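**Student:** got a sequence here, can you model it:
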Amino acid sequence: MLKKIIQDDREYYFNRSDGNFYDVSLDMDPTLDLKLDNYFKPEVISFFQEYDYAIIKKVARILKPDQIYLYKKRYYENLKQKKAEISDENFLKNEYDRISVFTINLTERCNLKCKYCFFSGDNNFRREHSSRSIDFDKVRTIVDFLAPRMRKAKRPNINFYGGEPLLEFGLMKRIVDYVKARLGNKILLTLTTNGTLITDHILEYLVNNNIAVALSIDGSKDIHDGNRRFENDMGTFDNVFHLIRKIHDNYHDYFKKKVAFSTVISADTDIDEFYNFFSTNRILFKDNLFKISFENTVGNEKRWSSSRKDFVDKILDYYLERLMADADGFNILSLLFKGDFNIILDKKKRARFLTDRLCFPGRSRLFLDADGNLFPCESLDYYAKIGDCQNGFDYSAIKKLMLDYIEITKDQCFECWAFPFCRLCYFHAIDKDRLSLDFMEKSCNGVRAYFERMIKLVLKICEEKGDNFLKNKLKEVKNE
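**Tutor:** Numbers count the residues shown, from 1 in each chain. Modelled structure (predicted):
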């Protein structure tokens, strides 16, 4: 319920029950009558097992017994209500009456062999690359099923995914024609690609059909080619960077509005070289959307020679140094940390109850695999199947996944101080063919360590630069 955080010579506590941070280094009256007997009732004392009497005196103003009772009561009552709703098939059908994003896995083939790829090499503990491609008739069937649901969304999106989806460019064109016939021009069409197969002909098709593109670029030539390679082990940077410049120079309006970038910071990334590359080339990237993330190591930690925590700490130190210097320019690292900074700075963005971040699987990021099966998103398969193209949604499977997840996480999440900041989900709990709290705990430990470090960093910035400095800096970061 409480988390003690030491930043330099200041002592803070984060109170989970009200979502506030308290500086207990200031204005503490040691003679205050705290009525400490209230804190040694059996119902309360379990929350203070890690604190001695002196600490309880300090935090008595922060965490009142009635807060504990009320919050716990609301937490579990909220879960009880949500479980009853999930168990009602009519309720579920209503929840799945509108679908926003639908991703089609055109093929499991890929022309690259990236070192960190989640579906190849040492990382293939779930889906693997294969020769399978989706059949057009299966896509047509599921599009017919989803069309009335997607029409109800404000901005419905169909995304083409792989593997490398452009290996099935002909199939993609057939699907585009069919989707436009069924859903009209309201639909947003997007393509996630490594960019190496985009010829002048394909580029012209994408521009003419207003298909947005997410291109992978990991930094400089050395960084990018260190991980993103063709099957013959040749690097891909020259191909991709040449393409980026071509689109920027020849289709500038399309480039600004329809081209986004996906960037991965891996165990091998030289952070100084990474930062300098994007700063030097800011004219190419400053107006575009970015998705930037750390290499996913769930289920595979072999590639990290040092601990992930040490690596992230190094990047945070690097970022802090440049931020505190008030350096002007395009700070690519702000895109990596902005969401987490905002969730620390604004408690309205945090989860209060488990149901606040319990998604209805597939409702916002539905994924169709190459065999015609439906999954909650592109990261989940096998165990988390929630339907198929012939039968639509399997509501019993959806109910089971959600209820099982609630059952294994509800107590752990209630007791965890970092829960309000946490974004873990079904993905982190699925150990091959089952939900496992033990498997998820590896990610939980990482979240707690990461946010403790992030909170200290925020407190340090606020102490040295004032409460509004970081907020104003983050407002400058628009391309996320």
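
**Student:** mind listing what's buried in stretch 260-280?
**Tutor:** By neighbour count on 16 or more other Cβ atoms under 10 Å, the buried set for stretch 260-280 is 261-269, 271, 274-275, 277-278. All C-beta spots, glycine's among them, are computed from the backbone N, C-alpha and C.

**Student:** for that stretch, which outside residues touch it?
**Tutor:** Outside stretch 260-280, the residues that touch it by Cβ atoms under 8 Å, 6 or more residues apart in numbering are 115-116, 192, 212-220, 222-223, 226-227, 285, 288-295, 303-305, 311, 314-315, 318, 322, 329-333, 336.

**Student:** nearest to Ala370, of the buried residues of stretch 260-280?
**Tutor:** Ser262 (20.8 Å; Cβ to Cβ).

**Student:** just the pLDDT for the closest one.
**Tutor:** In this model, Ser262 is scored at 94, pLDDT.

**Student:** and Glu50, by the same measure?
**Tutor:** So, for Glu50, pLDDT stands at 50.

**Student:** please apply the same query to the one 3 residues further on.
**Tutor:** Among the per-residue scores, Tyr53 shows a pLDDT of 53.

**Student:** quick one, longest helix in this protein?
**Tutor:** Secondary structure of the chain per DSSP state H: the longest helix is helix 437-465.

**Student:** show me what counts as buried in that helix.
**Tutor:** Applying 16+ other Cβ under 10 Å to helix 437-465 flags 439-440, 443-444, 446-459, 461-462 as buried.

**Student:** packing partners for it?
**Tutor:** When contacts are defined as 3 or more Cβ pairs under 8 Å, 6 or more residues apart in numbering; DSSP states H and E, helix 437-465 packs onto strand 2-7, strand 10-15, helix 308-324, helix 332-345, helix 395-415, helix 426-429, helix 469-475.

**Student:** and the longest one, what does it pack against?
**Tutor:** Right, the one you point to is helix 395-415. Using 3+ Cβ pairs under 8 Å, 6+ apart, helix 395-415 is in contact with helix 65-86, helix 89-95, helix 426-429, helix 437-465.

**Student:** what's the angle from the longest one to helix 395-415?
**Tutor:** Interaxial angle, helix 437-465 versus helix 395-415 (axes from the mean of the first three to the mean of the last three Cα atoms, to 10 degrees): 50 degrees.

**Student:** give me the distance from helix 437-465 to the chain's centre.
**Tutor:** 16 Å (Cα atoms, centre = their mean, to the nearest Å).

**Student:** what distance do you get for the residue positioned nearest the centre of the chain to Asp356?
**Tutor:** Centroid-nearest residue in the chain, with Cα atoms, centre = their mean: Arg423, separated by 7.1 Å. Separation of Arg423 from Asp356 (Cβ to Cβ, to the nearest Å): 11 Å.

**Student:** surely Tyr75 touches Phe353?
**Tutor:** Yes - contact criterion Cβ atoms under 8 Å: Tyr75 and Phe353 qualify, at 5.6 Å.

**Student:** count the residues that sit near Arg229.
**Tutor:** Arg229 has 17 neighbouring residues, counting by other Cβ atoms under 10 Å.

**Student:** whoops, I mixed them up, Asp356
**Tutor:** When neighbours are counted by other Cβ under 10 Å, Asp356 registers 11.

**Student:** wasn't Asn185 part of a helix?
**Tutor:** Yes - using DSSP: H, G, I helix; E, B strand; the rest coil, the assignment for Asn185 is a helix.

**Student:** burial of it, as a residue count?
**Tutor:** Asn185 - counted by other Cβ under 10 Å - has 7 other residues nearby.

**Student:** now swap in Leu474 and tell me
**Tutor:** Leu474 has 17 nearby residues by other Cβ under 10 Å.

**Student:** quick check, it in contact with Lys338.
**Tutor:** Yes - look at Leu474 against Lys338 with Cβ under 8 Å: they come within range, at 5.4 Å.

**Student:** next up, the contacts around the residue nearest to Asn78 when sequence neighbours are not counted.
**Tutor:** Leaving aside its sequence neighbours, Asn78 sits nearest to Phe353 (Cβ to Cβ, 6 or more residues apart in numbering; 4.5 Å). Going by Cβ under 8 Å, 6+ apart, Phe353 touches Arg74, Tyr75, Asn78, Leu79.

**Student:** state the pair within the residues you listed that is farthest apart.
**Tutor:** Most distant of these, by Cβ to Cβ, are Arg74 and Leu79, 9.7 Å apart.

**Student:** need the helix or strand of the protein with the lowest average pLDDT.
**Tutor:** Least confident element among the helices and strands of the chain, by mean pLDDT, DSSP states H and E: helix 42-45 (a mean of 46).

**Student:** outline the domain layout of this protein.
**Tutor:** Split into domains by automatic domain parsing, the chain comes to 1-72, 87-480.

**Student:** picking that back up, among the buried residues of stretch 260-280, which lie within helices?
**Tutor:** Using DSSP H, the subset of these located in helices is Ile271, Phe274, Tyr275, Phe277, Phe278.

**Student:** pLDDT and distance to Lys93 added to those, as TSV?
**Tutor:** Listed next are these as TSV, based on pLDDT from 0 to 100; distance: Cβ to Cβ, whole Å:
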residue	pLDDT	distance to Lys93
Ile271	93	48
Phe274	95	47
Tyr275	92	49
Phe277	94	49
Phe278	91	46
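
**Student:** export those as TSV, with columns for distance to Asn15.
**Tutor:** Formatted as TSV, these follow (distance: Cβ to Cβ, whole Å):
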residue	distance to Asn15
Ile271	34
Phe274	37
Tyr275	36
Phe277	42
Phe278	38
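
**Student:** where does the prediction get shaky in this protein?
**Tutor:** Applying pLDDT under 70 to the chain flags the ranges 1, 25-66, 120-127, 297-306, 326-330, 478-480.

**Student:** biggest separation within the buried residues of stretch 260-280, which pair?
**Tutor:** Farthest pair in those (Cβ to Cβ) is Phe261 and Ala267. Separation: 20.5 Å.

**Student:** related to what we said a few turns ago, and the ones in helices among the buried residues of stretch 260-280, which is closest to Tyr205?
**Tutor:** Proximity of those to Tyr205 (Cβ to Cβ) peaks at Phe278, which lies at 28.8 Å.

**Student:** the strands in the stretch 101-250 of the chain, which residues?
**Tutor:** 101-105, 157-161, 188-193, 212-216 (DSSP state E, counting those that start in this stretch).

**Student:** list the helices and strands the last one packs on?
**Tutor:** Taking 3+ Cβ pairs under 8 Å, 6+ apart as contact, the helices and strands that strand 212-216 lies on are strand 188-193, helix 237-250, strand 259-265.

**Student:** mind checking which of the ones you listed is nearest Met402?
**Tutor:** Ranking the helices and strands packed on strand 212-216 by their distance to Met402 (criterion: Cβ to Cβ) puts strand 188-193 first, at 26.9 Å.
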